[in-house]
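>>> Sequence first, then the predicted structure, then my questions.
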Amino acid sequence: MHVAQTKDTLSEIYLASLKIRNQVFVKEQGVPLALEVDENEALAVHFVLYDDDNEAVATLRFLPISDHEVKLQRMAVPAAHRGSGYGRQLIEGAEAFIQKQGIKKVTLGAQITAKEFYLKLGYQPEGDVFLDADMPRAKPLTRSDSLKQRPQNRSFLCFVVAVFYFSASMISSIAASNACATL
């Protein structure tokens, strides 16, 4: 597993993100493509979680709001991969990236069906229920300086080990998998 990110809207990472978003939001949920792909694409940082077979299995984007705040948007996991922990792994990897950039606050407008998922990750509700793409959204959810205080779990540790091995380029992904098995 590894998380990749890009701001390049011509990159393979961005195209993998769009493929997942099209599958989940446009085809599955009926969101019009004109609303799904918007004017903020080039402003956002797009993240994709790839599995061990290098298949894109989850995506999200962070849209900068200020020097210290981003909005988490377009979080999507294809139906075949839901319940696998991929969404959590992606958010943890993306949050680790933005922490290094000095980001201290993340906000999002979760679909009502995903509210519990975000609450388990430590996001807290603020504000009122609202509509986005004609779908009701939970009160805006936020995480602030507590980003770095989330309890570590085995999945996140495996992600860190995989990133280390991947970036070191000296040890194969098999070695990273073996290392995770020992955690």
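Great, that's in hand.

>>> Could you pull out the strands in the chain for me?
For the chain, applying DSSP state E gives strands covering 2-6, 45-50, 56-66, 69-76, 105-108, 124-125, 130-132, 135-137, 141-143.

>>> What does the pLDDT read for the closest residue to residue 13 other than its chain neighbours?
What sits nearest to residue 13 in space, not counting adjacent residues and going by C-beta to C-beta, 6 or more residues apart in numbering, is residue 6, at 4.2 Å. Just so you know, the C-beta spots here come from the backbone N, C-alpha and C atoms, and that holds for glycine as well. What the model reports as pLDDT for residue 6 is 95.

>>> now residue 128
64.

>>> go on, the one 5 residues further on?
Per-residue confidence (pLDDT) for residue 133: 61.

>>> coming back round to it: ranking the strands of the chain by burial, who's on top?
Each of the strands of the chain was scored by mean neighbour count; the highest is strand 45-50, a mean of 24, by mean count of other C-beta atoms under 10 Å.

>>> quick one, helices of this protein?
Along the chain, counting by DSSP state H, helices occupy 12-21, 33-36, 86-100, 115-120, 154-168, 173-181.

>>> follow-up on the earlier one: wait, doesn't the residue nearest to residue 13 sit right on residue 15?
No: Residue 6 lies out of contact with residue 15 (C-beta atoms under 8 Å); the separation is 9.7 Å.
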